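**Student:** Okay, structure incoming, though there's no sequence with it:
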């Protein structure tokens, strides 16, 4: 059974950077849809960023307004991973982050346990 695996979480000070990495052994990421979600304590899960393969044979990215110009989502095809570079972090970025992957944006076939990120003020 394919599951996503996230690495790179931890504690960071406000304004600092952290990089998360998503892998899914047994599934190829090259043209897959890979999305990052987060869930803060007591809140609903929310979409953070998503990378898709467009019909122009290039990556298409989506970012939630609350992370635009701070987070960058990109593929590393050589390592079959997707990374989320999180810069200028804020205390409100504190949450459990997970990634999901699939063939389309409407349905993610693969999920896994996420990683905790804590941003101190």
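**Tutor:** Received, thanks. Since we're looking at a predicted model, the values are computed, not measured.
**Student:** ok, now which ones touch residue 65?
**Tutor:** The contact partners of residue 65, by CB atoms under 8 Å, 6 or more residues apart in numbering, come to none. Every C-beta, even on glycine, is put in place using the N, C-alpha and C of the backbone.
**Student:** Go ahead and flag the most central residue of the chain.
**Tutor:** With distances taken as CA atoms, centre = their mean, the residue of the chain nearest its centroid is residue 36 (3.0 Å).
**Student:** Quick check: the gap between it and residue 8.
**Tutor:** Distance of residue 36 to residue 8, computed by CB to CB, to the nearest Å: 12 Å.
**Student:** Kindly report the same for residue 84.
**Tutor:** Applying CB to CB, the value for residue 84 to residue 8 is 8 Å.
**Student:** cool, and residue 80?
**Tutor:** For residue 80, the distance to residue 8 - CB to CB - is 16 Å.
**Student:** Backbone torsions only: list them for residue 92.
**Tutor:** Per-residue torsions, residue 92: phi -70, psi -10 (degrees, to the nearest 10).
**Student:** now the one 4 residues further on
**Tutor:** Here the main-chain torsion angles of residue 96 (degrees, to the nearest 10) amount to phi -90, psi 130.
**Student:** For it, grab the count of nearby residues.
**Tutor:** 17 (other CB atoms under 10 Å).
**Student:** tally of neighbours for the residue lying closest to residue 64 once chain neighbours are set aside?
**Tutor:** What sits nearest to residue 64 in space, not counting adjacent residues and going by CB to CB, 6 or more residues apart in numbering, is residue 48, at 5.5 Å. Residues near residue 48, counting by other CB under 10 Å, number 24.
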